[in-house]
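K.L.:
the following block contains a protein sequence and its predicted model.
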Amino acid sequence: MARLRDANRFRVAFSPGCMDWLTNSMSPSTSMSLGLALFFAGLVNSAFSTEFEVGPGKKLTSLGDVPWGGLTPGDVVSIAWRVEPYREKFVLCVRGTAEHPIVVRGVPGPNGELPVVDGRDATTPATLDYWGGERSVIKVGGATKPADVMPAHLVIENLEVQGALPPYSFTGRKGVQKYLPGAAAISVEKVEHLVIRRCVLHDSGNGLFVSHSSRDLLIDGCRIYDNGIEKDIYEHNSYTEALGIVFQNNHYGPLRAGCPGNNLKDRSAGLVVRDNWIEGGNRALDLVDAADAPEICASPAYRDTYVYGNVLIKLDDAINGQVIHYGGDSGKTGWYRKGTLHFFHNTVVSRRGANTTLFGLSTDDESVDARNNIFWDKPGGAKLAICDGPGHVALAANWISHGWVGSRGFRKGDITGVETVLTGDAPGFADEAHDDFHLVPESPCVGAAAALPPELSLSQGVKKSNDLGASLGH
């Protein structure tokens with residue numbers, strides 16, 4: 001993974017918790033004065049914010065008309081849908097605030113169509129000058145014009161972004177250039193506090209790329225599919241490395257035909273993957289090490305990864321039999337996660353004709369705590385293994401296809417909790433053939449879930465359920 005280095009001199013000084021402590025330690029009069037000052041400062045800030053409307057019939061007809069380098073807290077760029085894509089690209093290298101983020105927002109068409117930003121044959125506004133154009137359609141962080149800062153408090157929503165794929169080309173700082181294989185629809189070099197919401201990212205080397213100089217990201221309600229490079233294992237639907245990142249309510253579809261990359265590949269600390277649909281990929285989840293990013297590896301959050309409420313589907317075209325890989329892949333084992341993958345309330349479906357392994361753990365220092373999941377293998381449980389190789393897996397109240405095995409081949413680690421497993425030929429899906437994995441009332445998985453430990457249910461805000469598998473509420 002490319003390393004895009006930057007000093008953290010722009011890191012936000014006050015968290016909400018710090019501000020609470022500061023306010024509570026003051027006298028009532030001083031606290032009120034501070035509150036009024038902040039309130040009126042917010043009003044002034046809002047009064048000077050601007051909405052830049054782009055599209056047919058608007059004052060701004062192209063993305064190049066937007067003053068990207070002059071956006072200030074509270075500004076909104078509204079991009080209206082039109083029949084033709086916007087064949088333009090840009091960088092966001094500006095700072096909003098927690099109260100007044102800078103928002104780039106698509107305005108859907110009459111039938112809900114999202115505005116399309118297409119990197120194919122795209123042009124770059126003359127007011128912008130930034131490196132990495134061959135790696136992005138929309139880039140966050142890293143520019144000469146505007147001046148390079150640590151971007152902060154940004155929102156990108158309701159856009160369809162595509163076309164960061166060789167042999168497509170664009171016009172940038174060096175004239176006409178071709179995209180590199182690792183180019184991404186949205187590429188994040190560095191940021192503090194970024195929300196990417198309800199976007200469609202496809203037809204690129206990587207749908208989403210996030211480099212390690214990034215903090216506090218939320219990827220919410222997006223559709224990410226049809227990315228990757230043929231015969232290349234290094235490009236994925238998403239490829240991320242950050243200090244704090246949450247994926248929720250997203251729909252990950254298969255990669256482009258002939259592309260052997262993974263679906264969601266991540267090297268982050270503070271990783272949460274919840275309530276997503278993830279279908280296809282060499283692996284559905286490849287959760288590996290942040291090699292050469294000591295600030296991420298040193299975080300206590302690096303040792304705990306939370307994956308819950310998801311539907312994971314292993315397709316029959318996958319070369320690799322693993323559904324989830326946890327630990328590392330750099331070969332520098334000292335950097336590996338060496339912690340616990342908390343895996344609960346997920347529905348895992350394998351349609352692979354050959355053998356399937358649920359968990360691949362890199363070393364004996366990695367563990368999985370698997371609770372209240374459904375593991376269903378369509379060809380039959382005899383082809384389904386829990387874990388091969390090293391590491392430790394603790395099972396608690398999971399339903400697994402009848403005939404499953406603990407492992408195939410050499411096994412260094414251990415699997416505990418086997419006595420808690422429920423088995424059968426079918427878990428009671430409403431309509432598996434049409435991807436409806438809701439449970440019918442007579443399912444053996446209804447009401448079979450065990451209570452989660454308080455540290456899981458409280459800290460992660462888990463939806464309460466007495467059933468095994470994903471809640472399928474989104």
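P.N.:
Happy to help now that I have it. These numbers come from a predicted model, not from an experiment. Numbering: from 1, shown residues only.

K.L.:
any idea how far the closest residue to Asp425 other than its chain neighbours is from Cys387?
P.N.:
Taking CB to CB, 6 or more residues apart in numbering as the measure, Asp425 lies nearest to His402, with 5.6 Å between them; neighbours along the chain are not counted. C-beta here means a position set from N, CA and C on the backbone, and glycine is covered the same way. Applying CB to CB, to the nearest Å, one obtains 18 Å for the distance of His402 from Cys387.

K.L.:
so where is the stretch 151-300 of the chain shaky, pLDDT-wise?
P.N.:
Judged by pLDDT under 70, the stretch 151-300 of the chain has no weakly predicted residues.

K.L.:
the more surrounded of His402 and Cys387?
P.N.:
More neighbours surround Cys387 than the other of His402 and Cys387, with 26 against 14 (other CB atoms under 10 Å).

K.L.:
helices or strands up against the host helix or strand of the more buried one?
P.N.:
Assessed by DSSP states H and E, Cys387 sits inside strand 384-388. Applying 3 or more CB pairs under 8 Å, 6 or more residues apart in numbering; DSSP states H and E, we find strand 384-388 packed against strand 356-361, strand 392-396, strand 399-401.

K.L.:
need the ones you listed in CSV (columns: mean neighbour count).
P.N.:
Formatted as CSV, the helices and strands packed on strand 384-388 follow (neighbours: other CB atoms under 10 Å):
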stretch, mean neighbour count
strand 356-361, 25
strand 392-396, 19
strand 399-401, 24
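
K.L.:
now for those strands, which one comes closest to Asp216?
P.N.:
Closest approach to Asp216 among the helices and strands packed on strand 384-388 (CB to CB): strand 356-361, 28.0 Å.

K.L.:
residues near the closest residue to His202 other than its chain neighbours, how many?
P.N.:
Leaving aside its chain neighbours, His202 sits nearest to Asp226 (4.2 Å; criterion: CB to CB, 6+ apart). Residues lying near Asp226 (other CB under 10 Å) number 20.

K.L.:
now do the one 10 residues further on
P.N.:
Residue crowding around His236 was assessed by other CB under 10 Å; the count is 33.

K.L.:
what helix or strand does it sit in?
P.N.:
Using DSSP H and E, His236 falls within no helix or strand.

K.L.:
just checking, it touches Gly281?
P.N.:
Yes. His236 is in contact with Gly281 according to CB atoms under 8 Å; the separation is 7.4 Å.

K.L.:
overlap in contacts of the two?
P.N.:
Counting by CB atoms under 8 Å, 6 or more residues apart in numbering, the shared contacts of His236 and Gly281 are Leu255, Gly261, Asn262, Asn263, Leu264.

K.L.:
a strand runs through the third one, doesn't it?
P.N.:
No. With DSSP: H, G, I helix; E, B strand; the rest coil as the criterion, Asn262 is located in coil rather than a strand.

K.L.:
wait, what's in contact with it?
P.N.:
By CB under 8 Å, 6+ apart, the contact set of Asn262 is His236, Asn237, Gly281, Asn282, Arg283, Ala284, Leu285, Asp286.

K.L.:
ok, and the most crowded of those?
P.N.:
Counting neighbours by other CB under 10 Å, the top entry in the contacts of Asn262 is His236, with 33 neighbours.

K.L.:
could you measure that one against Gly228, distance?
P.N.:
Per CB to CB, His236 is found 7 Å from Gly228.

K.L.:
ditto for Gly424
P.N.:
From Gly424 to Gly228 the distance is 36 Å (CB to CB).

K.L.:
neighbour-wise, which of those two wins?
P.N.:
Using other CB under 10 Å, the more surrounded residue of Gly424 and Gly228 is Gly228, with 30 against 15.
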